[in-house]
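# with the sequence up front, the predicted model follows.
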Amino acid sequence: MSTPTPQQLIAAQQASLETLFGFANQAFASIEKLVALNLQVGKATLAETQAIVTRAASVKDPSELIALSASLSQPASEKAAAYGRHVHEILSGAQAEFSSAATAQFQKAQKETQGFIESLTKNAPAGSEGAVAAWNSAFSAANATYESATKAAKQFVATVSAGA
């Protein structure tokens, strides 16, 4: 049976670090989008508030003030809904990116594990067929569990997204 060389261990650590930093960069990109959205909404709200206060200050009787107040409720609810949609789009995009990257990493690990098991099978000493079969069985069960969980998670996300 072959053991990993120092170069293989270093390469594995570098790949793990690259994956970690990839996830961190994805998270920061999503946070940047949320911050940009909030800044945009903040600026727009400030400008709109200034316009509303200016209009309210020029009101001559209470009926005009009531009419102004009533005219603002519909646009405010539409803006809140639009803001919610934008946040949902940003978070959904981030979730899709994380899911895609995690799936790719799992498939890579799965392939490497399968290669390890094949190497183990080829280099196993006589009489260890039972242990190798147990490894293969455990690996197959883990893959089946992962596939089932992934399918259930995707269905859940689709259901939640459809309801949003």
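On my side now, so go ahead.
# surely Phe106 and Thr145 touch.
No. In this structure Phe106 lies outside contact range of Thr145 using C-beta atoms under 8 Å: 12.0 Å. Backbone N, C-alpha and C define where each C-beta goes, glycine included.
# the two: which has the busier surroundings?
Each of Phe106 and Thr145 has its neighbours counted (other C-beta atoms under 10 Å); Phe106 has more, 13 against 10.
# secondary structure element for that one?
Using DSSP states H and E, Phe106 maps to helix 62-123.
# how far does that helix sit from the chain's center?
5 Å (C-alpha atoms, centre = their mean, to the nearest Å).
# please identify the buried residues of the helix or strand containing Ala144?
Secondary structure from DSSP H and E places Ala144 in helix 129-163. Within helix 129-163, the residues scored as buried using 16 or more other C-beta atoms under 10 Å are Trp135.
# one more: stretch 28-41?
In stretch 28-41, counting by 16+ other C-beta under 10 Å, buried: Ser30, Lys33, Val41.
# ok, of those, which one's closest to Leu20?
Nearest to Leu20 among the buried residues of stretch 28-41: Ser30, at 16.1 Å, using C-beta to C-beta.
# chain neighbours aside, what residue packs nearest to that closest one?
Leaving aside its chain neighbours, Ser30 sits nearest to Ala94 (3.8 Å; criterion: C-beta to C-beta, 6 or more residues apart in numbering).
# Tyr146 now?
Leaving out its chain neighbours, the residue that sits closest to Tyr146 by C-beta to C-beta, 6+ apart is Phe106, at 6.8 Å.
# same question for Gly22.
Ala101 (6.3 Å).
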